[in-house]
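In: what shape does this take:
(chains A, B, C and D)
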There are 2 protein chains.
Amino acid sequence: MCLFTRLMKALSKLRHAGLTLEDVARIADVSPATVSRCLNRPETVNVKKRERVLAAVERLGYVPHGAARALASRQSRMVGVVFPSIDNSLFGAALDAFQRTMADAGYTVIVASSAYDPELETQHIRRMLQSGIDALMLVGTERPDTTYRMIHARNIPYVTVWRTPGESSHPSIGFDNVQAAKHLSNYLIGLGHRRIAFFSGHLEHNDRARDRLEGVRQSHTQSGFTFDDSLILQRPFGVDGGRHMLRACTALPSPPTAIICGAEPFAYGAIFEAAALGIGVPAEISVAAFDDTWLAAQISPKLTTVRTPNLEIGEEAARYLIARLAGENAPPALPLDTELIIRESTAPPSQPR
Amino acid sequence: MCLFTRLMKALSKLRHAGLTLEDVARIADVSPATVSRCLNRPETVNVKKRERVLAAVERLGYVPHGAARALASRQSRMVGVVFPSIDNSLFGAALDAFQRTMADAGYTVIVASSAYDPELETQHIRRMLQSGIDALMLVGTERPDTTYRMIHARNIPYVTVWRTPGESSHPSIGFDNVQAAKHLSNYLIGLGHRRIAFFSGHLEHNDRARDRLEGVRQSHTQSGFTFDDSLILQRPFGVDGGRHMLRACTALPSPPTAIICGAEPFAYGAIFEAAALGIGVPAEISVAAFDDTWLAAQISPKLTTVRTPNLEIGEEAARYLIARLAGENAPPALPLDTELIIRESTAPPSQPR
DNA sequence: ACCAGTTCTGAAAGCGCTTTCAGCAATCAG
DNA sequence: CTGATTGCTGAAAGCGCTTTCAGAACTGGT
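Out: Numbering: from 1, shown residues only, chains lettered A, B, ... in the order given. Model (predicted):
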């Protein structure tokens, strides 16, 4: 029996290549249960014994086995994030902040990128649920009911970001896209613009973009103007999309005098292309956008844009989930503020009509 | 006993809020072992029985419990990545590719950002090892021996990226930073430049940056010129660093005629600041860099830069790890190619001496 | 010196899955 | 028709940890 046990232990060593809690227990001359307690709720263990155990842990370089821990305690201390894209400083900033806050609370973050593909998103969510994540963060609220059912079935806290709680029934941390867009549009209308184009990625699977468009619409209506739907352009996300759309809309019989870009890369593209075409910004056409990523204040002309609280979103989302995970019934944070930052890319139209 | 069992089951349901493999087994009228086999090695199960089981899985919406699986099978199907920064399209692209390739092979990716802080990196690695990752990807090879020992102790495959195998004894996927820098420097020297500045982030914890500097040095030596160490500037990573360094070095008594930026954001900063200062690029000073991220070809003047295979690095690293995980003793891929892309930001110096 | 109350501790029972192993049935060679 | 082989299957033994529970070891009040 003793031989057998030893053999098994040796074998286990070979495969696992790591110490078990039992090894630590033996060295510290306590029971495995006590070692476990030292690691999880140290205050419940006699101080002398605790020191002995921790010393043994240190000396052996023992690292607990996460899966075993997760299985026994029913929590993995991992949280999942599915973002439309991570190769984008917008989400990058939020992710960074989220990750940092989570790490401070002892959680590990799993990330996946859905590439703006709803089906891929579902797949990632399923895989993460399966990995046993304790919580989940998603962008926007638009996704099939079946997906939400999957999440509810696991009964874990989750949070959607980049929109406000008001805009859906899901716990949500973000800002009011409609208001932000309305504010920007009002500013442009105030400058005298009457033909405003809206540059966007595909609206179909992007509730944030649709919200922003809605804000532009409302701004027009409430100012007594009509928004020309033919000035809504859609292209794949990226600078090139912006270049294309600028070319397309300057070629129109009655071109717009201002452009609102649903995302900043479109604005860069528009400004770069305008420069290449010899079209003055803002002299001949004004350009404005959302997000205020690092480039906005660097290019020339400096971009008028709506600063969105990207970092804060990541941080608040983490804080909310941590609170839920701790059993607190915290409400999701209030809507965060956006700020219209007026720089050089917007001006009154050259020939006001 | 039966009552007790039932009670336990019910309780488990409440907490886990999910089906167990046993539930599926009961519905499909087979043993749990068979269900497990259906999920893992379906070909070993009689086809009729298998269909019955899979139907039950489908019908119940059963999702296996990852931690239990990991514990029993000794593999978590998760791989870890620690990057210096994820809010950076450089690493973003690689991460995206890595993640996609890994997902296709059924692996989940855990990411953490070390913010270029070696201590934070160690901490993240420890945490990931603890989470039970099956493999690990790290940037560069410079880190304490203790960290590598931790990894070896777990006996999991790992790969370092952004350098070539030759540059260290660790499995490595990337390109030859020294050669790439030498090539770029040679080009500048060939144009007639004799005073070349090197803009860099902190060299201390960045082997890639040091390699690039080394390449610039070698290029000078082999061309018979001496590289002026006082032209090595270091600032925190980012556009602002580039702006500062440009200002600093144009104020020098004998300013450089060309700048090599160890990372692209410095080049953007330099070009933006030069524009603000009315310094002509490349008329008065040439600017070149590494990485060829999306912005390089968009700004004006278009940036001369070394295209680095960011995406390929992510993909190849994933492929390598997948092969190792499958038990193949694959060697890490060959060094990847870089390409000097000559655009508009470099030209012969105005007054060659 | 004794008992109630308090603090700690170790034994043991799982957590939900994989995997080994023995056994049964079906198949095949002789 | 027999014995050996093959293909599938279910029982059962863990994987390495947490957590419950009962009891040991103290504490202080009387």
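
In: from DNA strand C, how far off is A:Ala274?
Out: Distance, A:Ala274 to DNA strand C, by C-beta to the nearest atom of the strand, to the nearest Å: 57 Å. For every residue, glycine as well, the C-beta is placed using N, CA and C.

In: now swap in A:Thr226 and tell me
Out: 58 Å.

In: hmm, that residue is touching A:His220, no?
Out: Yes. Assessed by C-beta atoms under 8 Å, A:Thr226 is found in contact with A:His220 at 6.3 Å.

In: count of residues packed around the closest residue to A:Gly140 other than its chain neighbours?
Out: Nearest residue to A:Gly140, sequence neighbours excluded (C-beta to C-beta, 6 or more residues apart in numbering or on different chains): A:Asp207, at 4.6 Å. When neighbours are counted by other C-beta atoms under 10 Å in any protein chain shown, A:Asp207 registers 20.

In: could you verify my assumption that A:Asp207 touches A:Arg163?
Out: Yes. At 6.5 Å, A:Asp207 and A:Arg163 qualify as touching, with contact defined as C-beta under 8 Å.

In: overlap in contacts of the two?
Out: Contact criterion C-beta atoms under 8 Å, 6 or more residues apart in numbering or on different chains; residues shared by A:Asp207 and A:Arg163: A:Gly140, A:Thr141.

In: list the contacts for the residue nearest to A:Gly140?
Out: By C-beta under 8 Å, 6+ apart, the residues touching A:Asp207 are A:Gly140, A:Thr141, A:Glu142, A:Arg163, A:Glu167.

In: what about the third one, which SS state?
Out: It stands for A:Glu142. When the structure is split into helix, strand and coil by DSSP: H, G, I helix; E, B strand; the rest coil, A:Glu142 lands in coil.

In: got it, and the fourth one?
Out: Using three-state DSSP, the structure places A:Arg163 in coil.

In: show me the shaky parts of chain A.
Out: Counting by pLDDT under 70, the low-confidence segments of chain A come to A:1-17, A:167, A:351-353.

In: now the helices for the stretch 251-353 of chain A?
Out: Listed in chain order, the helices of the stretch 251-353 of chain A (DSSP state H, counting those that start in this stretch) span A:264-277, A:310-325.

In: is the shortest one anywhere near chain B?
Out: It stands for helix A:264-277. Yes. Helix A:264-277 reaches chain B (C-beta under 8 Å from any C-beta of the partner chain) through A:Tyr268, A:Gly269, A:Phe272, A:Ala275.

In: give the PyMOL command for selecting the buried subset of those residues.
Out: For the buried members of the residues of helix A:264-277 next to chain B, the matching PyMOL selection, counting by 16 or more other C-beta atoms under 10 Å in any protein chain shown, is:
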select buried, chain A and resi 268+269+272+275
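
In: which of the residues of helix A:264-277 next to chain B lies closest to A:Gly192?
Out: When the residues of helix A:264-277 next to chain B are compared for distance to A:Gly192 (C-beta to C-beta), A:Ala275 comes out closest, at 23.4 Å.

In: can you pull out the strands in the stretch 101-250 of chain A?
Out: With DSSP state E, counting those that start in this stretch applied, the stretch 101-250 of chain A shows strands at A:108-113, A:135-139, A:158-161, A:172-173, A:196-200, A:232-234, listed in chain order.

In: how far off centre is the fourth one?
Out: Averaging C-alpha positions (C-alpha atoms, centre = their mean, to the nearest Å) puts strand A:172-173 11 Å from its chain's average.

In: counting by contacts, list what it packs against.
Out: If you count contacts as 3 or more C-beta pairs under 8 Å, 6 or more residues apart in numbering or on different chains; DSSP states H and E, strand A:172-173 packs onto strand A:158-161, helix A:310-325.

In: run through who's touching the one helix or strand A:Arg100 maps to.
Out: Applying DSSP states H and E as the criterion places A:Arg100 in helix A:89-104. The set of residues that contact helix A:89-104 without belonging to it, under C-beta under 8 Å, 6+ apart, is A:79, A:81, A:83-86, A:108-109, A:111, A:137, A:139, A:161, A:263-264, A:291, A:293-294, A:308, A:310-315, A:317-319, A:321-322, B:85-89, B:92, B:111-113, B:124, B:127.

In: report the buried residues of that helix.
Out: Taking 16+ other C-beta under 10 Å as the criterion, helix A:89-104 shows A:89-103 as buried.

In: and stretch A:53-67 with DNA strand D, contact?
Out: Yes. For a cut-off given as C-beta under 7 Å from any atom of the strand, stretch A:53-67 has contacts with DNA strand D, namely A:Pro64, A:His65.

In: and A:Ala181, what is it in contact with?
Out: In this structure, A:Ala181 makes contact with A:Asp211, A:Arg212, A:Leu213, A:Glu214, A:Gly215, A:Val216, A:Ser219, A:Ile260, A:Phe290, A:Val306, judged by C-beta under 8 Å, 6+ apart.

In: let me know how buried the last one is, in neighbour terms.
Out: The burial count assigned to A:Val306 is 24, neighbours taken as other C-beta under 10 Å.

In: correct me, but it touches A:Lys182?
Out: No. In terms of C-beta under 8 Å, A:Val306 does not count as a neighbour of A:Lys182; the distance is 10.6 Å.

In: quick check: A:Ala283 vs A:Pro301, distance?
Out: Using C-beta to C-beta, to the nearest Å, one gets 10 Å for the distance from A:Ala283 to A:Pro301.

In: between these two, who's got more neighbours?
Out: When A:Ala283 is set against A:Pro301 and neighbours are counted by other C-beta under 10 Å, the residue ahead is A:Pro301, at 19 against 12.

In: grab the nearest non-local neighbour of the more buried one.
Out: A:Glu344 (3.7 Å).

In: quick check: the one you found vs A:Ala258, distance?
Out: 14 Å.

In: again with A:Val79
Out: Summarising the geometry, the distance separating A:Val79 from A:Ala258, computed by C-beta to C-beta, is 41 Å.

In: what of A:Val306?
Out: Using C-beta to C-beta, we find A:Val306 at a distance of 14 Å from A:Ala258.

In: A:Pro144 too?
Out: 37 Å.

In: and these two? Which one has more around it.
Out: A:Ala258 (27 against 12).

In: state the number of residues packed around A:Glu204.
Out: Count around A:Glu204 with other C-beta under 10 Å applied: 11.

In: what sits against it?
Out: A:Glu204 sits in contact with no residue, where contact means C-beta under 8 Å, 6+ apart.

In: next one: phi and psi at it?
Out: Backbone torsions for A:Glu204, taken as degrees, to the nearest 10, come to phi -60, psi -50.

In: ok, now A:Phe83?
Out: When read as degrees, to the nearest 10, the backbone of A:Phe83 gives phi -110, psi 150.
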